[in-house]
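Visitor: Need a 3D model of the following:
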Amino acid sequence: MARRNQQRAVAVCACAAWAVVAALPIHSIASPPTITFGNETCDLGSVIQGEQPECVFPFTNGGDDELRIIQVEPTCGCTTALLSAPLLHAGEHGGIRVVFDSDNFAGDVVKEVEVRSNDPARRNVTLRVKALVEPEIDFEPRVVAFDDVRADAVLKQVAILTNRRADPVRVLRLEAQPSSYRCLMPSWSDRSQPLVLESWDRVAIDIVFTSPGTLVMAIAGECTLEVEGPRKRHFRLKLLALPAP
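Guide: Below you'll find the model as predicted:
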């Protein structure tokens, strides 16, 4: 009888212990921080040289733990990146504002920003900014070619210069190299004064090539344009004379 009572007491204690365990709250395991960007590439499209366009990369902490942004580092000095907040709680949103200075670029450009965080699955994320940088001073055509040049020929072509900036510019100087070429602006009659070009003004440049005898090889040259507005810069129109076969 004593043994049976002892077994019954053990069973009652076990049931009581199980009841206590069952009554304890169940805690789910927190998921690690997760950095999720809406888009990791920003296409700025066509940009006029000298402009400073920007784009924003929004992101979210999709985990339960706090997301910490450790570093945001552009790979080029032409790009700056500004972080909205270094710490995001679960479900919070943030953003990285990227500004691209197109001053010294032309053509297709891709710039990158490296983002480091405590997301264990994606410690490093690379954001990309793309742009097609158009020259602020544009020539049409961009290369003037004289074909089939014969001995002592004097040839002329016309190129169109366009100020693509949103502000006026001043043409300070126009010269040609080598001496076989001449570059002239008929509308720039008083060379002692700068030629002011308003936004999207177009002017003609006359290019004259005088053959120094019979050409045995191509002669490359350029029209150099010194422009001010808001800073002095030099733009070059490429020239090429090709000998007759």
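
Visitor: So what pairs up with I160 in the strands?
Guide: Note on I160: beta-bridge partners E140, A204, judged by DSSP bridges.

Visitor: Need the pLDDT of it.
Guide: With respect to pLDDT, I160 scores 97.

Visitor: residue contacts, it?
Guide: By Cβ atoms under 8 Å, 6 or more residues apart in numbering, the contact list for I160 reads 139-140, 202-205. C-betas here are computed from N, CA, C, even on glycine.

Visitor: show me where the chain has helices.
Guide: Under the criterion DSSP state H, the chain contains helices at 2-23.

Visitor: where does it dip in pLDDT?
Guide: 1-28 (pLDDT under 70).

Visitor: Could you break it into its assigned domains?
Guide: The chain breaks down by automatic domain parsing into domains covering 35-134, 137-243.

Visitor: what's near enough to touch L174?
Guide: By Cβ under 8 Å, 6+ apart, the neighbours of L174 are 183-185, 188, 205, 223-226.

Visitor: In strands only, show me these.
Guide: Counting by DSSP state E, the contacts of L174 place 183-184, 205, 223-226 in strands.

Visitor: From the contacts of I160, keep the buried residues only.
Guide: 139, 203, 205 (16 or more other Cβ atoms under 10 Å).

Visitor: burial count for the nearest residue in space to the last one that is not next to it in sequence?
Guide: The spatial neighbour of I205 that comes closest, neighbours along the chain excluded (Cβ to Cβ, 6 or more residues apart in numbering), is A159 at 4.8 Å. Here the count is done by other Cβ atoms under 10 Å, and A159 has 19 residues near it.

Visitor: for A159, what are its contacts?
Guide: Residues near A159 by Cβ under 8 Å, 6+ apart: 139-141, 144, 204-205, 207, 223, 237.

Visitor: How much space separates V203 from M185?
Guide: Plainly put, V203 is 6 Å away from M185 if you go by Cβ to Cβ, to the nearest Å.

Visitor: Give the intersection of the neighbour lists for those two.
Guide: Joint contacts of V203 and M185 (Cβ under 8 Å, 6+ apart) are 161, 195.

Visitor: which one of the contacts of I160 is nearest V196?
Guide: Distance ranking of these against V196, using Cβ to Cβ, places V203 first at 10.7 Å.

Visitor: Tell me who's in contact with that closest one.
Guide: Contacts of V203 (Cβ under 8 Å, 6+ apart): 160-161, 185, 187-188, 195, 197.

Visitor: try D119
Guide: Here D119 is in contact with 32-35, 63, 67 (Cβ under 8 Å, 6+ apart).

Visitor: Now do the same contact list for the nearest residue to A244 once chain neighbours are set aside.
Guide: Excluding the flanking residues, the one nearest A244 by Cβ to Cβ, 6+ apart is D148, at 4.4 Å. D148 sits next to 242-245 when contact means Cβ under 8 Å, 6+ apart.

Visitor: quick one: which of the residues you listed is most hemmed in?
Guide: Of all those, the highest neighbour tally under other Cβ under 10 Å goes to P243, namely 17 neighbours.

Visitor: Identify all contacting residues around stretch 62-71.
Guide: Contacts of stretch 62-71 (Cβ under 8 Å, 6+ apart): 30-36, 61, 83, 85-92, 94, 114-119.

Visitor: Please state the offset of stretch 102-116 from the chain centre?
Guide: With Cα atoms, centre = their mean, to the nearest Å as the basis, stretch 102-116 stands 4 Å off its chain's centre.
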